[in-house]
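1. Next come a sequence and a model predicted from it.
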Amino acid sequence: MTSDDLPSLRAGLPANSVVAERLEAIYPELSQALRTFADYVLKYPMKVAGLSINDTVDITGVSVASANRFARKLGFDGYAEFRAELLRGMAPAIEPVERLRRKLSEESTTPDVVAASLMEDIANLQGSLGNLDPERAEQAVDMIVNARRIFVLGFDNAAGLALVLTHRLQAIGCDARTVESGAGSLSVARHLSGLGPEDLVISIAFPRYLRDTVSMTRFAHQHDIPMLVVTDSQTSPIAKLGKVVVYAHARRSFSSTSDAAVLAVLEALAAGVANKKPGAANAAQRFADMGFYWFAYPEEEEKAATRKVSKPDRKDVP
């Protein structure tokens, strides 16, 4: 079993799950009955975590003895220990839903919820600032400044964050690209295949970590492309793949991740690059000069809105 098989093998399991990693190692050796059970675990891990052994074997059609043998094959003392570890591995996916359920059960007023959300983002920003490693920040900015070409990698919510960072970097003279709208892993692989040691990939991933992001980050790492990772903790599945890792506090009660907190960290990196990159000010001025036609100014728009349309002279009307 090679790392290329990882996305299909791990199916619904989190990328850094203990069960997924152990299952990857032993999957080729499993008997047909154990492989049937393994396939169900891979496809419906959350359901298996919530069912008893009897309910699970009824669904999969294997015996209780086979389910216990499967657990021991993974290195657990028995099925109960396997199920507990499976549940622990699913916690990152389950926790945001549970937090939201708890918040909704408190019957808070809408203004309370809005205020709490803003306060949560403020706390995230304070946490990111308090844990800022000056040396790591300097290294991250240097990687961006010195890169020949930059590819910003992010899917789903992170795709929007990647797009903002890409625009910021382009405006100050960086040759930056990101995932096109609607593009998948194959399109990303096409971009990455043209990069080398003088280039840079900036990978963005937060709970819930997306398998495409993890697999494409690993792909770039395996091809020796320098990697700057922006994520939430050392346990992130892409943290160990980065030459430099920038951590952002992004916990949120009403969703899995605070995009506002992550965006603030990305904006801060872009500001650091603008401060250090030679010619950044000139690049920004060129962009402003060329984009002037498309910029809207409030006073001009107000005049246009109130300007009366001149009526044709009646004698000119046939």
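-> Nice, I can see it.
2. residue ranges for the strands of the stretch 151-300 of the chain, please.
-> 176-178, 200-204, 227-231, 244-247 (DSSP state E, counting those that start in this stretch).
3. Can you say which of those is packed in most?
-> strand 200-204 (a mean of 27; mean count of other CB atoms under 10 Å). Where C-beta positions appear, they are placed from N, C-alpha and C, glycine not excepted.
4. Model confidence score at Thr2, please.
-> Looking at Thr2, its pLDDT reads 37.
5. Just tell me which of the strands of the stretch 151-300 of the chain ends up closest to Phe82.
-> Nearest to Phe82 among the strands of the stretch 151-300 of the chain is strand 227-231; the distance by CB to CB comes to 28.1 Å.
6. Gly154: which of the strands of the stretch 151-300 of the chain is closest?
-> Per CB to CB, nearest to Gly154 of the strands of the stretch 151-300 of the chain: strand 200-204, 4.1 Å.
7. would you list the strands of the stretch 151-300 of the chain in TSV and tack on mean pLDDT?
-> What follows is the strands of the stretch 151-300 of the chain, written out as TSV (pLDDT from 0 to 100):
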stretch	mean pLDDT
strand 176-178	93
strand 200-204	96
strand 227-231	94
strand 244-247	91
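8. Can you lay out these as JSON lines showing distance to Ile122?
-> Formatted as JSON lines, the strands of the stretch 151-300 of the chain follow (distance: least, CB to CB, whole Å):
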{"stretch": "strand 176-178", "distance to Ile122": "28"}
{"stretch": "strand 200-204", "distance to Ile122": "21"}
{"stretch": "strand 227-231", "distance to Ile122": "20"}
{"stretch": "strand 244-247", "distance to Ile122": "18"}
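9. in the helix or strand containing Ala71, what counts as buried?
-> In this assignment (DSSP states H and E), Ala71 forms part of helix 64-73. Buried residues in helix 64-73, counted by 16 or more other CB atoms under 10 Å: Ser66, Ala67, Asn68, Arg69, Phe70, Ala71, Lys73.
10. What of stretch 206-217?
-> Buried residues in stretch 206-217, counted by 16+ other CB under 10 Å: Phe206, Pro207, Arg208, Tyr209, Leu210, Arg211, Asp212, Thr213, Val214, Ser215, Met216, Thr217.
11. Just those residues: which are in helices?
-> Per DSSP state H, helices hold the following members of the buried residues of stretch 206-217: Arg211, Asp212, Thr213, Val214, Ser215, Met216, Thr217.
12. residue boundaries of the helices in the stretch 201-318 of the chain?
-> 211-222, 259-276, 280-291, 298-306 (DSSP state H, counting those that start in this stretch).
13. So for Val113, which of these sits nearest?
-> helix 259-276 (15.3 Å).
14. any weak-confidence spans in this protein?
-> 1-16, 90-108, 182-183, 253-256, 284, 288-318 (pLDDT under 70).
15. that older thread, now the helices of the stretch 201-318 of the chain in TSV, with distance to His249?
-> Shown next, in TSV, are the helices of the stretch 201-318 of the chain (distance: least, CB to CB, whole Å):
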stretch	distance to His249
helix 211-222	19
helix 259-276	6
helix 280-291	28
helix 298-306	36
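16. and the ones you listed, which is most packed in?
-> The most buried one of the helices of the stretch 201-318 of the chain (mean count of other CB under 10 Å) is helix 211-222, showing a mean of 22.
17. tell me what the helix holding Ala71 is packed against?
-> Applying 3 or more CB pairs under 8 Å, 6 or more residues apart in numbering; DSSP states H and E, we find helix 64-73 packed against helix 32-43, helix 53-60, helix 79-105.
18. Turn the buried residues of stretch 206-217 into TSV, including distance to Asp142.
-> TSV is the format used below for the buried residues of stretch 206-217 (distance: CB to CB, whole Å):
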residue	distance to Asp142
Phe206	24
Pro207	28
Arg208	31
Tyr209	27
Leu210	28
Arg211	31
Asp212	28
Thr213	24
Val214	26
Ser215	27
Met216	24
Thr217	20
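19. Out of those residues, the closest to Ala261 would be?
-> Closest to Ala261, out of all of these and judged by CB to CB, is Phe206, at 9.3 Å.
20. Can you tell me the closest non-neighbouring residue to the closest one?
-> Leaving out its chain neighbours, the residue that sits closest to Phe206 by CB to CB, 6 or more residues apart in numbering is Thr257, at 4.2 Å.
21. Sweet, I'm off.
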